[in-house]
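J.: Structure, please.
(chains A, B, C and D)
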Protein chains: 4
Amino acid sequence: MTHAREMLDTYPGTVALDAATLVECIEACFDCEQSCIACADADLGEEEVKLMRRCITMCLNCSEVCATTGRILSRQTEFEPAMARAALQACVEACRLCAEECEYHAREMHMEHCRVCAESCRRCERACSDALSALGARE
Amino acid sequence: MTHAREMLDTYPGTVALDAATLVECIEACFDCEQSCIACADADLGEEEVKLMRRCITMCLNCSEVCATTGRILSRQTEFEPAMARAALQACVEACRLCAEECEYHAREMHMEHCRVCAESCRRCERACSDALSALGARE
Amino acid sequence: MTHAREMLDTYPGTVALDAATLVECIEACFDCEQSCIACADADLGEEEVKLMRRCITMCLNCSEVCATTGRILSRQTEFEPAMARAALQACVEACRLCAEECEYHAREMHMEHCRVCAESCRRCERACSDALSALGARE
Amino acid sequence: MTHAREMLDTYPGTVALDAATLVECIEACFDCEQSCIACADADLGEEEVKLMRRCITMCLNCSEVCATTGRILSRQTEFEPAMARAALQACVEACRLCAEECEYHAREMHMEHCRVCAESCRRCERACSDALSALGARE
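T.: Numbers count the residues shown, from 1 in each chain, chains lettered A, B, ... in the order given. As a prediction, this is how the structure comes out:
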């Protein structure tokens, strides 16, 4: 349960994008911020931590990008499509890179936290792609 | 829907706190990070933006503290109770100050985004207090 | 005075980019994170706060993007050029948009904090462009 | 070189604290945000990464708290001493815990990045303590 939808519905002006697309994107970004922090931490707790180095770095970077994108999308006053587009493009890339790494560890090493984190990254990648389409992005 | 519970359940080691208390605290922190960003932005979109200055500052500060606390609580490897306690205490204070300001605008100026944001802040304040109690904090 | 150069010089592995380019980019990002927070706050303190709305939003967004980019560039273990490139491209865009807005207020309304913040944004835009070139970015 | 002093000097209102104390605190916070990110990353690049787990967690947590404190102190409009005090207290604790861990690795394992990071943490701990004193904190 989050308050993202209610916050958008009580915004005093006009919202830049379709509300359902926007709320899904915002919620996916903040969820992915958290999953990636938790996955980097779980990686660090693994016996074979040396094998998890790339996963830790991808997760930490992805977490930051998701937080930033979620915040930028949460701002509707003087919404600037060029800014949203640049953030969303970086976020799609961060989520894709992180998901690929996590999926590898889920598949090859049966790491359950990586399986869950990859799910969260793929959801966020999809939500950001949908928001980009809604923005009319030239990709 | 967030992945916080699943991330905690797949953590490869022992978790520092009762899982339900921890998950509620983590989810409340990331939700409040978002609500406060959105409320500061809604304040900025109001006709009477001058009257919203304190609300904007409280919301921006509260959003940062919630994000930081949510991230610290999401890390279970080498969990340090003194660090968690310090973050949670700051978060209780940030949420209390922000909730009081938002409740004032909800009551006196009928601002719906402030009403929703205050709800999110009070939930987070409560969740952080509960986590502090679970940690055996000396307050 | 920052510790960025010393931190890079004591990194135990090989660094991805030319050290001077990297340190300038990291320092410019964290400096711009701070300038933009301070400029959004100064805007909020202005008598004519309604005229500063776009500047506040651009500054808050730019601050987040700079922090994220500075953090991603600060990580050398399993450095991923595609991630760095995506973050740097978003940062160039955020800094350009914010600098243009701040330069307008500096020129038309003689706002000194906007003049200083624009300087910081232009420095960061340049440092990120240089880092992109050093990475061999396909732009 | 940062723009923190110039940003403060061009603030349109009255500043809450002695300017030199405030600027040193803000600069120390953003510098420590960066040093801690870089130190966690250098730890991850070490051969004996398992021995660095606590250092990585302390550094990541300290980095977040420093960023948040630096941002809160950068906001002078509707400055709230109770908020500043809570953030500064958490920051003193985060910097102390991180410095102790880094000093241990610098002393026992001759890790140069930990020596530099500990310096940055101790500077920030001191700057936050000085800002607390200037605020008239009841500790």
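
J.: need the longest helix for chain A.
T.: Ranked by residue count under DSSP state H, the longest helix found in chain A is helix A:81-109.

J.: Is that helix in proximity to chain B?
T.: No: on the criterion C-beta under 8 Å from any C-beta of the partner chain, helix A:81-109 is out of touch with chain B, staying 10.3 Å away. (C-beta placed from N, C-alpha, C; glycine too.)

J.: is the helix or strand following that helix anywhere near chain D?
T.: Downstream of helix A:81-109, the next assigned helix or strand under DSSP states H and E is helix A:112-135. No: judged by C-beta under 8 Å from any C-beta, helix A:112-135 and chain D are separated, with a smallest distance of 15.9 Å.

J.: hang on, the earlier thing: chain center to the longest helix of chain A, what's the gap?
T.: 7 Å (C-alpha atoms, centre = their mean, to the nearest Å).

J.: what's stretch A:45-61 in contact with?
T.: For stretch A:45-61, the external contacting residues (C-beta atoms under 8 Å, 6 or more residues apart in numbering or on different chains) are A:36-37, A:39-40, A:43-44, A:94, A:97-98, A:101-102, A:105, A:109, A:111, A:114, A:117, B:11-13, B:76-77, C:71-72, C:75, C:77-80, C:83, C:87, D:41, D:44-45, D:49-50, D:53, D:60.

J.: what does stretch A:78-94 give?
T.: A:16, A:25, A:29, A:61-62, A:65-66, A:68-69, A:72-73, A:124-125, A:128-129, A:131-132, A:135-137, A:139, C:53-54, C:56-58, C:61, C:65, C:82-83, C:86-87, C:89-90, C:93-94, C:97.

J.: give me that answer again for 7 Å
T.: Here stretch A:78-94 makes contact (C-beta atoms under 7 Å, 6 or more residues apart in numbering or on different chains) with A:16, A:29, A:61-62, A:65-66, A:68-69, A:72-73, A:124-125, A:128-129, A:131-132, A:135, A:137, C:53-54, C:57-58, C:61, C:65, C:82-83, C:86-87, C:89-90, C:93-94, C:97.

J.: which among the residues you listed end up buried?
T.: A:16, A:29, A:61-62, A:65-66, A:68-69, A:72-73, A:124-125, A:128-129, A:131-132, A:135, A:137, C:53-54, C:57-58, C:61, C:65, C:83, C:86-87, C:89-90, C:93-94, C:97 (16 or more other C-beta atoms under 10 Å in any protein chain shown).

J.: could you give the mean pLDDT of stretch A:59-79?
T.: Averaged over stretch A:59-79, pLDDT sits at 98.

J.: ok, back up a step: just the angle for the longest helix of chain A relative to helix A:112-135, thanks.
T.: Interaxial angle, helix A:81-109 versus helix A:112-135 (axes from the mean of the first three to the mean of the last three C-alpha atoms, to 10 degrees): 150 degrees.

J.: Now the buried members of the contacts of stretch A:45-61.
T.: A:36-37, A:39-40, A:43-44, A:94, A:97-98, A:101-102, A:105, A:111, A:114, A:117, B:11-12, B:76-77, C:71-72, C:75, C:77-80, C:83, C:87, D:41, D:44-45, D:49, D:53, D:60.

J.: so who does A:Cys98 touch?
T.: A:36, A:58-59, A:62, A:121.

J.: If you could redo that for A:Cys124, that was the one I meant.
T.: With C-beta under 7 Å, 6+ apart, A:Cys124 has these contacts: A:28-29, A:32, A:66, A:91, A:95.

J.: Show me which of those residues is closest to B:Arg5.
T.: A:Cys32 (15.1 Å; C-beta to C-beta).

J.: Test my guess that the closest one contacts A:Ala67.
T.: No: the pair A:Cys32 / A:Ala67 is not scored as a contact, 8.8 Å apart, by C-beta atoms under 7 Å.

J.: In terms of neighbours, single out the busier of the two.
T.: A:Cys32 (35 against 26; other C-beta atoms under 10 Å in any protein chain shown).

J.: and that one, how far is that from chain B?
T.: Counting by C-beta to the nearest C-beta, to the nearest Å, the separation of A:Cys32 from chain B is 8 Å.

J.: wouldn't A:Cys117 be in contact with A:Tyr104 here?
T.: No: assessed by C-beta under 7 Å, A:Cys117 is found out of contact with A:Tyr104, at 11.8 Å.

J.: Can you show me the CA trace of the one helix or strand A:Cys59 maps to as PDB?
T.: Using DSSP H and E, A:Cys59 sits in helix A:53-74. Presented in PDB, the C-alpha positions along helix A:53-74 are these (Å, rounded to 0.1, in the frame of the first residue of the first chain):
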ATOM      1  CA  ARG A  53      30.700  -8.000  -7.100                       C
ATOM      2  CA  ARG A  54      29.100  -7.000 -10.300                       C
ATOM      3  CA  CYS A  55      25.600  -7.600  -8.900                       C
ATOM      4  CA  ILE A  56      26.400  -5.300  -5.900                       C
ATOM      5  CA  THR A  57      27.600  -2.500  -8.200                       C
ATOM      6  CA  MET A  58      24.700  -2.900 -10.600                       C
ATOM      7  CA  CYS A  59      22.200  -2.900  -7.700                       C
ATOM      8  CA  LEU A  60      23.600   0.100  -6.000                       C
ATOM      9  CA  ASN A  61      23.700   2.100  -9.200                       C
ATOM     10  CA  CYS A  62      20.200   1.000 -10.200                       C
ATOM     11  CA  SER A  63      18.800   1.900  -6.800                       C
ATOM     12  CA  GLU A  64      20.100   5.500  -7.100                       C
ATOM     13  CA  VAL A  65      18.800   5.900 -10.700                       C
ATOM     14  CA  CYS A  66      15.300   4.600  -9.700                       C
ATOM     15  CA  ALA A  67      15.100   6.900  -6.700                       C
ATOM     16  CA  THR A  68      16.000   9.900  -8.900                       C
ATOM     17  CA  THR A  69      13.500   8.900 -11.600                       C
ATOM     18  CA  GLY A  70      10.700   8.300  -9.100                       C
ATOM     19  CA  ARG A  71      11.300  11.800  -7.600                       C
ATOM     20  CA  ILE A  72      11.400  13.600 -10.900                       C
ATOM     21  CA  LEU A  73       8.200  11.900 -12.100                       C
ATOM     22  CA  SER A  74       6.600  12.800  -8.700                       C
END
